[in-house]
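> A predicted structure for the sequence below; I have some questions about it.
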Amino acid sequence: MFIVLNRQSLLKSRNVPTFLKKLMSITGMSEQWVAARIKQKGDSKCIPWKSLKDAILTHPDVKKRVDVFALSIYGLVVFPKALGHVDEAITDLFYCLHKRVTPILAILAETFRSLSACQKVGEGRFIGCAQLLLAWFHSHFWKVDKFRIGFSQKIIHH
């Protein structure tokens, strides 16, 4: 069973920073710079790739350049939603990574969101990295399978 939560109430209840604050943290840019570049695409906020590319090429902090580049790869290749833009959900993933929280739930949630959007309109395609999802399935089910074999052998021998 899936429970659908209002994104705003979830953000407020967990004291999760807003999209603006997360982008400021990841890019190291000012509030004015980030606010001027946030766009609304469909039902979510995003930032254009061109703005991120400019930050990668000009930011004086090498670590911030690497973070912005990684954010761009995730947003444009792994979880593309709006062509040429990085979606707000990707900053949620980065927020989890910086807090040392596993990104698996974010990956599965984004996959579920994409598949639900296709089902809702009755057409479309999976938007996401199928190879990443496949790798997760293989690694997850391999561990579950291995655990079950070992667990069942212990039961038989006792």
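Sure thing, it's come through.
> every contact and neighbour count from this point should use C-alpha atoms.
Will do.
> check which helices and strands the strand or helix carrying Leu108 sits against.
Leu108 belongs to helix 104-121 when assigned by DSSP states H and E. Packing contacts for helix 104-121, counted by 3 or more CA pairs under 8 Å, 6 or more residues apart in numbering; DSSP states H and E, involve helix 88-98.
> tell me the buried residues in the helix it packs on?
Neighbour-count burial for helix 88-98, counted by 16 or more other CA atoms under 10 Å, picks out 88-96.
> and which of those is nearest to Lys45?
For Lys45, the closest of the buried residues of helix 88-98 turns out to be Glu88, at 5.5 Å, with distances computed as CA to CA.
> how near is that closest one to Val62?
Going from Glu88 to Val62 by CA to CA, to the nearest Å gives 23 Å.
> which pLDDT does the model give Asn15?
The per-residue pLDDT reported for Asn15 equals 66.
> helix, strand or coil for Cys46?
strand (DSSP: H, G, I helix; E, B strand; the rest coil).
> so what does Val86 have for phi and psi?
Note on Val86: backbone dihedrals following degrees, to the nearest 10 are phi -100, psi 120.
> what's the answer for Gly28, then?
Main-chain dihedrals, Gly28, degrees, to the nearest 10: phi 70, psi 20.
> swap in the one 10 residues further on?
For Ile38, the backbone dihedrals (degrees, to the nearest 10) come out as phi -70, psi 130.
> is it correct that it is in contact with Ser44?
No. Because the distance of 10.4 Å does not satisfy CA atoms under 8 Å, Ile38 is recorded as not touching Ser44.
> pop the domain breakdown of this structure in here.
14-127, 130-158 (automatic domain parsing).
> avg pLDDT for the last one?
In this model, domain 130-158 has a mean pLDDT of 55.
> swap in stretch 38-53?
Averaging pLDDT residue by residue across stretch 38-53 gives 92.
> got the end-to-end distance for it?
Counting by CA to CA, you get 14 Å between the two ends of stretch 38-53.
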